[in-house]
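> this is a predicted model, with the sequence first.
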Amino acid sequence: MDAATGAGNAPAAPHRWRAAVRRFVRHPAGLTGLILTLVVIVAGLLAEVISPGDPFRTAGDPLLEPSGTHLFGTDNLGRDVFDAVIHGARTSMIVVLGVSAIASVIGLAIGIVAGYRGGWIDDLLMRITEIFQSVPRFFLVLLIVALFGAGLDNLIYVLAFTSWPTLARVSRAEVLSVRDRDYVEAARSIGATDRRIVLRHVLPNVLPTAMVVIALTGSRIILLEASLSFLGLGDPTVMSWGYLVSNAQQFLRTAWWMSVFPGAAIAISVLGINLMSDALNDVLAAYSKRQAKRRRWRLRMPRASTT
Amino acid sequence: MNRRYVVRRLLQVLPAVASILVVTFAVVQAAPGDPVVAVAGESGNDEYYAFMREKFGLDRPVIEQFWTYATNVLRGDLGVSFVQGQEVVDLILERVPATLLLMGTALVVSTVGGVVLGALAARRPFGPFDLGVSAGALIGYALPSFWLAQLAMLTIAFRTGWFPIQGMTDARADYTGLAHYLDIARHMVLPALVLAASEVALITRIARTGILAEMDSDYIKVAQAKGLSPTGALMHHALRNALLPVVTVVGTRIGFLFSGAVLVETVFGWPGLGRLVLSAAQTRDHPLLLGMVLLVAFSLVLSNLLTDLLYARVDPRIRYR
């Protein structure tokens, strides 16, 4: 079964994944992105080790310049900016992971069901997706957070609730492109259940493209969360980069470090994720180019006219 | 322009508007807390609560409430701000011009800048300039606009003192005529550039990809075979066709420009929607935030409609079968 499908179109075989990972790491953008993202993840995971204690506590005199004792200086209340930035990484990480997990499950489920089932289910699910996309995300999130409260859990639900439509549409399109391939037909004809077909033949083909979309969504979420806390709609009980930047506003002339370091942290994590998704896209494009070469006859088919 | 296309496209506005109304209504309905208690206070007087419920139609079936909501919104009645006590529509309309001025400037600056950069980058793909532009675009994407605004203050405004950093006009001077407009322009330089920055990144990428694709096509090869220089082919033939995708994304960009403008305005104290949204966010002023959602959503519907119609006018191939 697997030997038959692996030789044809499905990129599911493990050695393909390993080759893709190798190509990803050799890609300069991929490696840079991976390193930047890892720095943020490590800072978030080890926040309690790197900067133990409450980041909101007073650690020294107010508005001290960056120095050996306070790497990133202190803010107007004498809080250590370095500690705050490290704990902000943890908040960003929790939000991105939580939102991506929920939004990926919703988006993939809706996209795959819509694409695989087709018919009225497809129509219904896509109409719902369009309805969700009709409302501008940033302002909708502002409204929902104002209505439902700004706890970290609420924030994650709200962002997830508004982040899945792109993924749903992309994964539906991917499903449509593999649904009627020979190997799926073959699996069906030997009596494989829908569940098996989706999990073993459809999902592995959807995942690579889905990962690009999920990564891009992740970087948008970091920016959204930062913007929310910049406007004072973040969770006030946890440290966040957006809050730090907004707090720096009044002290720009006297304490540049209050703005520069937390802002750079946002930029680094967004840049890291974007670079990774770019590299992933390149690796996938190279892969599908080889696929296209293997089936060159496809390229000779006349193109459908646009009119 | 194909009439059938225009009619079909105009009809698509209806479901879009309906979607916006449904989503916003559902969100407000789902919110925790009893609106009557919120307005009337926790007196615990059930009779009074019932009276209020009837007065505001909250005892009616949900469908009827939705109908009331929809007709009110479409008539331009967005309710009264909790905090400011004024009509939401008036509060928003009062601030719209300043924001539109900023957004429009940023839209023009980023489109022109992005196309120029994209064309220069496409002249030698993967050459030093192209790589530099690509790297710049990646970084431009990653910078949060509100932080970029602060950086612009730190690096440009504070160092040189050329640009004012707060407001739209100089409060101490009382300029009239041309001097007044120059004053506004001087105040607008930094906010508009900051707002345009991340947009430039997007447009550069689109323009570059579009031009490269066009330069690869047969008619360009023919033009070059007949002796046209690569630059000439780009300027006279490729650029026109490559600009189409740039036009299509204008609709989507309006959404980003709105949120970007709100954030940049709060940093620069620009007297537009930004500070209104900031105070509404901090005081949890739902009616005002709902008004903002509706304003931006309807603007998007309108701008998408206009870009599609414009696109159909420019490209005769676009029509429904």
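That came through, no problem. In this text, all values refer to a predicted model and were calculated from it rather than measured experimentally. Numbers count the residues shown, from 1 in each chain, chains lettered A, B, ... in the order given.
> the helix or strand hosting residue B:5: how far from the chain's middle?
According to DSSP states H and E, residue B:5 maps onto helix B:3-11. Taking the mean of its C-alpha atoms, helix B:3-11 sits 25 Å from the chain's own mean (C-alpha atoms, centre = their mean, to the nearest Å).
> same check, this time on stretch A:193-202
With C-alpha atoms, centre = their mean, you get 25 Å for stretch A:193-202.
> got the buried residues for the strand or helix carrying residue B:141?
For residue B:141, the element it lies in under DSSP H and E is helix B:128-142. Buried residues in helix B:128-142, defined by neighbour count with 16 or more other C-beta atoms under 10 Å in any protein chain shown: B:130, B:133-134, B:136-142. In this view, the C-beta of every residue, glycine as well, is placed from N, C-alpha and C.
> pLDDT weak spots in the stretch 51-200 of chain B?
The model of the stretch 51-200 of chain B has pLDDT under 70 over residues B:171-172.
> which bits of it sit near chain A?
B:138-139, B:141-144, B:146-147, B:150-151, B:153-154, B:158 (C-beta under 8 Å from any C-beta of the partner chain).
> quick revisit: which strands or helices does the helix holding residue B:5 pack on?
helix B:286-314 (3 or more C-beta pairs under 8 Å, 6 or more residues apart in numbering or on different chains; DSSP states H and E).
> redo that, cut-off 6 Å
Packed against helix B:3-11, as judged by 3 or more C-beta pairs under 6 Å, 6 or more residues apart in numbering or on different chains; DSSP states H and E, are no other helices or strands.
> tell me the buried residues in it?
For helix B:3-11, by 16+ other C-beta under 10 Å, it's B:5-6, B:9.
> could I get the residues of the stretch 51-200 of chain B next to chain A as CSV with distance to residue B:275?
Shown next, in CSV, are those (distance: C-beta to C-beta, whole Å):
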residue, distance to residue B:275
B:138, 31
B:139, 28
B:141, 26
B:142, 26
B:143, 22
B:144, 18
B:146, 13
B:147, 18
B:150, 16
B:151, 20
B:153, 17
B:154, 21
B:158, 22
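> just give me the closest of the buried residues of helix B:3-11 to chain A.
residue B:5 (11.7 Å; C-beta to the nearest C-beta).
> just the pLDDT for the closest one.
Looking at residue B:5, its pLDDT is 84.
> what parts of the stretch 101-250 of chain A come near chain B?
A:131, A:134-136, A:138-140, A:142-144, A:146-147, A:223, A:226-227, A:230-233, A:245 (C-beta under 6 Å from any C-beta of the partner chain).
> those residues in helices, which ones?
A:131, A:138-140, A:142-144, A:146-147, A:223, A:226-227, A:230, A:245 (DSSP state H).
> highest neighbour count among the residues you listed?
Neighbour counts for those, by other C-beta atoms under 10 Å in any protein chain shown, peak at residue A:226, which reaches 33 neighbours.
> dump the residue contacts of that residue.
A:241-242, A:266, B:144 (C-beta atoms under 6 Å, 6 or more residues apart in numbering or on different chains).
> which residue, other than its chain neighbours, is closest to it?
residue A:242 (3.7 Å; C-beta to C-beta, 6 or more residues apart in numbering or on different chains).
> surely the one you found meets residue A:232?
No - contact criterion C-beta atoms under 6 Å: residue A:242 and residue A:232 do not qualify, at 9.2 Å.
> which one of the two has more residues nearby?
Applying other C-beta under 10 Å to residue A:242 and residue A:232 shows that residue A:242 carries more neighbours, namely 30 against 17.
> confirm the more buried one sits in a helix?
Yes - assignment of residue A:242 by DSSP: H, G, I helix; E, B strand; the rest coil places it within a helix.
> would you mind measuring from residue A:86 to residue A:134?
For residue A:86, the distance to residue A:134 (C-beta to C-beta, to the nearest Å) stands at 39 Å.
> now swap in residue A:70 and tell me
48 Å.
> would you list the contacts of residue A:226 in a markdown table and tack on distance to residue A:24?
Below are those laid out as a markdown table (distance: C-beta to C-beta, whole Å):
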| residue | distance to residue A:24 |
| --- | --- |
| A:241 | 27 |
| A:242 | 30 |
| A:266 | 24 |
| B:144 | 27 |
